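# predicted model and sequence follow; I will ask about them next.
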Amino acid sequence: MKLIKTISFLTISLSSAFVANSAIAGYSWTYTGSGETCPIGGCVESDTFAGKTVTSTATGWYSETTSGASMQEANKLRVWDGLSVEATTADTGTPNHATDNNGWYDSVLFDFGGDSVELDQVVMGWHQDTDFSLLRYTGNDTPALTGNSYSDLTATEGWELVSNYFCSCSSSSSGSDISFNVNADNKSSSYWLVAAINPAYFDNNNYIGNDYFKIKTLAGSYVEPTVPPTAVSAPATGLLMLLGGMFLYSNARKREDQLNVMAA
Ligand SMILES: [Ca+2]
Ligand SMILES: [Ca+2]
Ligand SMILES: [Ca+2]
(Lines give C-alpha, C1' and ligand atoms only; values in the text may rest on other atoms or scores of the structure.)
(Ligands and ions follow the chains in the order given, each with its own letter.)
Protein backbone atom coordinates (compact mmCIF):
# COMPACT_ATOMS: atom_id res chain seq x y z
CA MET A 1 0.00 0.00 0.00
CA LYS A 2 2.85 2.35 0.79
CA LEU A 3 4.26 1.77 -2.68
CA ILE A 4 0.87 2.57 -4.26
CA LYS A 5 0.62 5.79 -2.25
CA THR A 6 4.11 6.80 -3.35
CA ILE A 7 3.30 6.17 -6.99
CA SER A 8 0.03 8.10 -6.70
CA PHE A 9 1.81 11.04 -5.11
CA LEU A 10 4.44 11.09 -7.85
CA THR A 11 1.80 10.80 -10.56
CA ILE A 12 -0.12 13.76 -9.14
CA SER A 13 3.09 15.77 -8.74
CA LEU A 14 4.18 15.13 -12.30
CA SER A 15 0.69 15.80 -13.66
CA SER A 16 0.59 19.16 -11.92
CA ALA A 17 3.70 20.15 -13.87
CA PHE A 18 1.59 20.11 -17.03
CA VAL A 19 -1.26 22.30 -15.73
CA ALA A 20 -1.19 25.35 -17.97
CA ASN A 21 -2.66 28.63 -19.03
CA SER A 22 -4.08 29.90 -15.78
CA ALA A 23 -4.77 33.61 -16.09
CA ILE A 24 -4.56 36.46 -13.60
CA ALA A 25 -7.34 38.94 -14.28
CA GLY A 26 -7.59 42.55 -13.22
CA TYR A 27 -4.81 44.27 -15.16
CA SER A 28 -5.27 47.67 -16.77
CA TRP A 29 -2.93 50.10 -18.49
CA THR A 30 -4.11 53.71 -18.63
CA TYR A 31 -2.49 56.45 -20.68
CA THR A 32 -3.40 60.00 -19.75
CA GLY A 33 -1.47 63.25 -19.89
CA SER A 34 -1.40 66.82 -21.12
CA GLY A 35 -0.19 66.25 -24.64
CA GLU A 36 3.28 64.93 -23.83
CA THR A 37 5.10 63.25 -26.71
CA CYS A 38 6.10 59.66 -26.03
CA PRO A 39 9.87 59.17 -25.94
CA ILE A 40 11.73 57.14 -28.53
CA GLY A 41 10.83 53.55 -27.79
CA GLY A 42 7.30 54.38 -26.75
CA CYS A 43 5.10 55.29 -23.80
CA VAL A 44 5.33 52.78 -20.97
CA GLU A 45 2.64 51.83 -18.45
CA SER A 46 2.86 49.01 -15.91
CA ASP A 47 0.35 47.30 -13.69
CA THR A 48 0.99 44.83 -10.90
CA PHE A 49 -1.52 42.26 -9.79
CA ALA A 50 -1.03 39.21 -7.60
CA GLY A 51 2.69 39.94 -7.47
CA LYS A 52 3.18 39.98 -11.23
CA THR A 53 4.04 43.22 -13.07
CA VAL A 54 3.05 43.43 -16.73
CA THR A 55 4.34 46.36 -18.80
CA SER A 56 2.76 47.82 -21.91
CA THR A 57 4.86 49.88 -24.33
CA ALA A 58 2.87 51.87 -26.90
CA THR A 59 4.18 53.18 -30.22
CA GLY A 60 2.32 55.04 -32.99
CA TRP A 61 2.09 53.89 -36.62
CA TYR A 62 0.48 54.98 -39.88
CA SER A 63 0.30 54.44 -43.61
CA GLU A 64 -0.79 56.51 -46.57
CA THR A 65 -4.38 55.78 -47.59
CA THR A 66 -3.49 54.26 -50.94
CA SER A 67 -4.06 50.52 -51.10
CA GLY A 68 -0.98 48.52 -50.06
CA ALA A 69 0.89 51.54 -48.70
CA SER A 70 3.69 50.71 -46.28
CA MET A 71 3.45 51.36 -42.55
CA GLN A 72 5.89 53.72 -40.87
CA GLU A 73 6.37 54.79 -37.29
CA ALA A 74 4.39 57.97 -36.68
CA ASN A 75 5.97 61.38 -36.35
CA LYS A 76 4.61 61.53 -32.81
CA LEU A 77 2.57 59.53 -30.35
CA ARG A 78 1.13 61.90 -27.76
CA VAL A 79 -0.78 61.38 -24.53
CA TRP A 80 -3.86 63.45 -23.85
CA ASP A 81 -7.05 61.82 -22.62
CA GLY A 82 -5.60 58.72 -24.28
CA LEU A 83 -2.99 57.89 -26.93
CA SER A 84 -3.05 60.04 -30.06
CA VAL A 85 -1.15 59.37 -33.28
CA GLU A 86 0.20 62.33 -35.22
CA ALA A 87 1.09 60.42 -38.37
CA THR A 88 3.05 63.22 -40.02
CA THR A 89 3.83 66.84 -39.25
CA ALA A 90 0.58 67.68 -41.08
CA ASP A 91 -1.61 65.34 -39.00
CA THR A 92 -2.15 67.88 -36.26
CA GLY A 93 -4.88 69.90 -34.58
CA THR A 94 -8.32 68.77 -33.49
CA PRO A 95 -9.43 66.22 -34.46
CA ASN A 96 -6.54 64.91 -36.61
CA HIS A 97 -4.00 64.74 -33.79
CA ALA A 98 -6.15 61.95 -32.35
CA THR A 99 -5.76 58.36 -33.57
CA ASP A 100 -7.78 58.58 -36.79
CA ASN A 101 -8.30 57.42 -40.36
CA ASN A 102 -8.62 60.75 -42.15
CA GLY A 103 -5.62 61.62 -44.32
CA TRP A 104 -3.53 58.75 -42.99
CA TYR A 105 -4.44 55.43 -41.39
CA ASP A 106 -3.29 55.58 -37.77
CA SER A 107 -2.76 52.75 -35.31
CA VAL A 108 -1.11 52.06 -31.95
CA LEU A 109 1.04 49.02 -31.25
CA PHE A 110 1.04 47.67 -27.67
CA ASP A 111 4.05 45.52 -26.80
CA PHE A 112 3.69 43.59 -23.54
CA GLY A 113 7.35 42.65 -23.32
CA GLY A 114 6.99 38.94 -23.89
CA ASP A 115 4.11 38.50 -21.44
CA SER A 116 0.97 36.96 -22.87
CA VAL A 117 -2.05 39.20 -22.37
CA GLU A 118 -5.72 38.44 -22.98
CA LEU A 119 -7.42 41.77 -23.64
CA ASP A 120 -10.99 42.19 -22.41
CA GLN A 121 -11.65 45.89 -22.74
CA VAL A 122 -10.56 48.95 -24.71
CA VAL A 123 -11.56 52.38 -23.39
CA MET A 124 -11.39 55.50 -25.50
CA GLY A 125 -11.09 58.87 -23.79
CA TRP A 126 -11.77 61.84 -26.04
CA HIS A 127 -13.45 60.61 -29.21
CA GLN A 128 -15.73 61.37 -32.08
CA ASP A 129 -16.87 58.47 -34.22
CA THR A 130 -15.00 55.43 -32.93
CA ASP A 131 -14.82 52.45 -35.25
CA PHE A 132 -11.63 50.45 -34.82
CA SER A 133 -9.87 47.24 -35.79
CA LEU A 134 -8.21 45.09 -33.12
CA LEU A 135 -5.39 42.73 -34.11
CA ARG A 136 -3.13 40.36 -32.22
CA TYR A 137 0.22 38.89 -33.20
CA THR A 138 0.41 35.10 -33.40
CA GLY A 139 4.13 34.68 -34.11
CA ASN A 140 6.84 33.85 -31.59
CA ASP A 141 9.36 36.45 -32.75
CA THR A 142 9.22 40.24 -32.80
CA PRO A 143 6.76 41.55 -35.40
CA ALA A 144 7.99 43.98 -38.05
CA LEU A 145 5.61 46.76 -39.02
CA THR A 146 7.92 49.09 -40.94
CA GLY A 147 7.64 48.52 -44.67
CA ASN A 148 4.63 46.22 -44.44
CA SER A 149 1.14 47.32 -45.39
CA TYR A 150 -1.86 46.83 -43.13
CA SER A 151 -2.92 44.06 -45.54
CA ASP A 152 0.48 42.39 -45.23
CA LEU A 153 0.11 42.12 -41.46
CA THR A 154 -2.72 39.61 -41.72
CA ALA A 155 -1.70 38.10 -45.07
CA THR A 156 1.93 37.21 -44.39
CA GLU A 157 3.21 38.78 -41.17
CA GLY A 158 1.55 36.65 -38.51
CA TRP A 159 -1.15 39.04 -37.41
CA GLU A 160 -4.78 38.07 -36.89
CA LEU A 161 -7.79 40.37 -36.98
CA VAL A 162 -9.54 39.71 -33.67
CA SER A 163 -12.53 41.81 -34.69
CA ASN A 164 -13.74 45.21 -35.78
CA TYR A 165 -15.66 47.26 -33.27
CA PHE A 166 -18.16 49.98 -34.01
CA CYS A 167 -19.37 52.92 -32.00
CA SER A 168 -23.07 53.51 -32.09
CA CYS A 169 -22.40 57.13 -31.21
CA SER A 170 -22.63 60.04 -33.59
CA SER A 171 -19.63 62.07 -34.65
CA SER A 172 -20.50 64.76 -32.12
CA SER A 173 -20.39 62.57 -28.99
CA SER A 174 -16.97 63.63 -27.76
CA GLY A 175 -16.40 64.49 -24.12
CA SER A 176 -16.79 61.22 -22.24
CA ASP A 177 -15.12 57.84 -22.16
CA ILE A 178 -16.51 55.04 -24.24
CA SER A 179 -15.78 51.43 -23.31
CA PHE A 180 -15.71 48.41 -25.62
CA ASN A 181 -15.78 44.80 -24.47
CA VAL A 182 -13.44 43.06 -26.90
CA ASN A 183 -11.93 39.69 -27.74
CA ALA A 184 -14.97 37.51 -27.01
CA ASP A 185 -12.94 34.39 -27.85
CA ASN A 186 -10.42 35.16 -25.07
CA LYS A 187 -7.37 35.08 -27.30
CA SER A 188 -4.02 36.18 -25.98
CA SER A 189 -0.83 37.67 -27.34
CA SER A 190 2.19 39.70 -26.36
CA TYR A 191 1.48 42.22 -29.15
CA TRP A 192 -1.81 43.98 -29.87
CA LEU A 193 -2.62 46.60 -32.48
CA VAL A 194 -5.51 49.07 -32.23
CA ALA A 195 -6.17 50.77 -35.58
CA ALA A 196 -8.67 53.40 -36.60
CA ILE A 197 -10.88 51.10 -38.65
CA ASN A 198 -8.93 50.24 -41.75
CA PRO A 199 -10.12 49.13 -45.21
CA ALA A 200 -7.63 46.24 -45.09
CA TYR A 201 -9.82 44.71 -42.36
CA PHE A 202 -13.28 46.09 -43.13
CA ASP A 203 -14.31 46.67 -46.69
CA ASN A 204 -16.95 49.36 -46.33
CA ASN A 205 -15.85 52.90 -47.03
CA ASN A 206 -18.96 54.32 -45.40
CA TYR A 207 -17.36 53.62 -42.03
CA ILE A 208 -13.87 54.83 -42.83
CA GLY A 209 -12.46 58.34 -42.76
CA ASN A 210 -14.48 59.86 -39.91
CA ASP A 211 -13.05 58.08 -36.84
CA TYR A 212 -11.08 60.04 -34.26
CA PHE A 213 -10.27 58.72 -30.80
CA LYS A 214 -7.67 58.68 -28.02
CA ILE A 215 -6.90 55.24 -26.63
CA LYS A 216 -7.08 55.63 -22.88
CA THR A 217 -7.12 52.20 -21.25
CA LEU A 218 -6.54 48.59 -22.13
CA ALA A 219 -7.70 46.01 -19.60
CA GLY A 220 -7.34 42.26 -19.44
CA SER A 221 -5.56 39.28 -17.95
CA TYR A 222 -2.01 38.03 -17.79
CA VAL A 223 -1.86 34.46 -19.10
CA GLU A 224 0.78 32.40 -17.33
CA PRO A 225 3.01 30.44 -19.68
CA THR A 226 2.56 26.76 -20.29
CA VAL A 227 5.15 24.66 -18.50
CA PRO A 228 6.92 22.70 -21.21
CA PRO A 229 7.19 18.91 -20.83
CA THR A 230 10.98 19.25 -20.63
CA ALA A 231 10.49 20.82 -17.21
CA VAL A 232 9.85 17.33 -15.83
CA SER A 233 13.27 16.05 -14.94
CA ALA A 234 14.52 12.80 -16.36
CA PRO A 235 15.40 11.42 -12.86
CA ALA A 236 11.79 12.01 -11.71
CA THR A 237 10.41 10.22 -14.76
CA GLY A 238 12.90 7.40 -14.27
CA LEU A 239 11.97 7.05 -10.61
CA LEU A 240 8.30 6.81 -11.50
CA MET A 241 9.02 4.08 -14.06
CA LEU A 242 11.22 2.22 -11.56
CA LEU A 243 8.55 2.34 -8.85
CA GLY A 244 5.93 1.23 -11.36
CA GLY A 245 8.10 -1.72 -12.33
CA MET A 246 8.66 -2.65 -8.68
CA PHE A 247 4.91 -2.50 -8.07
CA LEU A 248 4.16 -4.83 -11.00
CA TYR A 249 6.93 -7.21 -9.96
CA SER A 250 5.66 -7.26 -6.39
CA ASN A 251 2.13 -8.06 -7.53
CA ALA A 252 3.38 -10.81 -9.84
CA ARG A 253 5.35 -12.36 -6.97
CA LYS A 254 2.31 -12.30 -4.65
CA ARG A 255 0.17 -13.93 -7.30
CA GLU A 256 2.82 -16.59 -7.89
CA ASP A 257 3.03 -17.31 -4.14
CA GLN A 258 -0.76 -17.65 -3.97
CA LEU A 259 -0.76 -20.11 -6.87
CA ASN A 260 2.03 -22.12 -5.19
CA VAL A 261 0.01 -22.29 -1.95
CA MET A 262 -3.10 -23.45 -3.86
CA ALA A 263 -1.05 -26.06 -5.73
CA ALA A 264 0.59 -27.33 -2.55
CA1 LIG B 1 -5.64 62.27 -39.67
CA1 LIG C 1 -3.95 61.32 -36.29
CA1 LIG D 1 -16.55 55.58 -38.78
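It's in. Residues are numbered from 1 along each chain as shown. Ligands and ions are numbered 1, 2, ... in the order given.
# only C-alpha atoms for contact and neighbour calcs from this point on.
Fine.
# so who does the residue in the stretch 101-250 of the chain positioned nearest to ligand 3 touch?
Residue nearest to ligand 3 within the stretch 101-250 of the chain (CA to the ion): Y207, separated by 3.9 Å. Contact analysis of Y207 by CA atoms under 8 Å, 6 or more residues apart in numbering lists 131, 197.
# for the stretch 51-200 of the chain, give me the ranges with low pLDDT.
For the stretch 51-200 of the chain, the stretches with pLDDT under 70 are 169-175.
# where do the helices sit along it?
Using DSSP state H, counting those that start in this stretch, the helices assigned to the stretch 51-200 of the chain run over residues 150-155.
# pop the domain breakdown of this protein in here.
Here the domain assignment for the chain is 2-15+229-263, 21-223, based on automatic domain parsing.
# before we move on, the earlier item: against F112, how distant is the residue of the stretch 101-250 of the chain closest to ligand 3?
Going from Y207 to F112 by CA to CA, to the nearest Å gives 30 Å.
# got it, and D129?
28 Å.
# now swap in F166 and tell me
25 Å.
# tell me which of those two has more neighbours.
F112 (21 against 15; other CA atoms under 10 Å).
# beta partners of the closest residue to that one other than its chain neighbours?
Among residues not flanking F112 along the chain, S56 sits closest, at 4.6 Å (CA to CA, 6 or more residues apart in numbering). Beta-bridge partners recorded for S56 (DSSP bridges): E45.
# quick check: S56 touching G42?
No. Using CA atoms under 8 Å, S56 makes no contact with G42, being 9.3 Å away.
# pull out the buried positions in the helix or strand encompassing S28.
Element membership for S28, per DSSP states H and E: strand 23-30. For strand 23-30, burial by neighbour count (16 or more other CA atoms under 10 Å) applies to 24-25, 27-30.
# interface residues of this structure facing ligand 3?
207-208, 210-211 (CA under 5 Å from the ion).
# cutoff 6 Å now
129, 131, 207-208, 210-211 (CA under 6 Å from the ion).
# no further questions, thank you.
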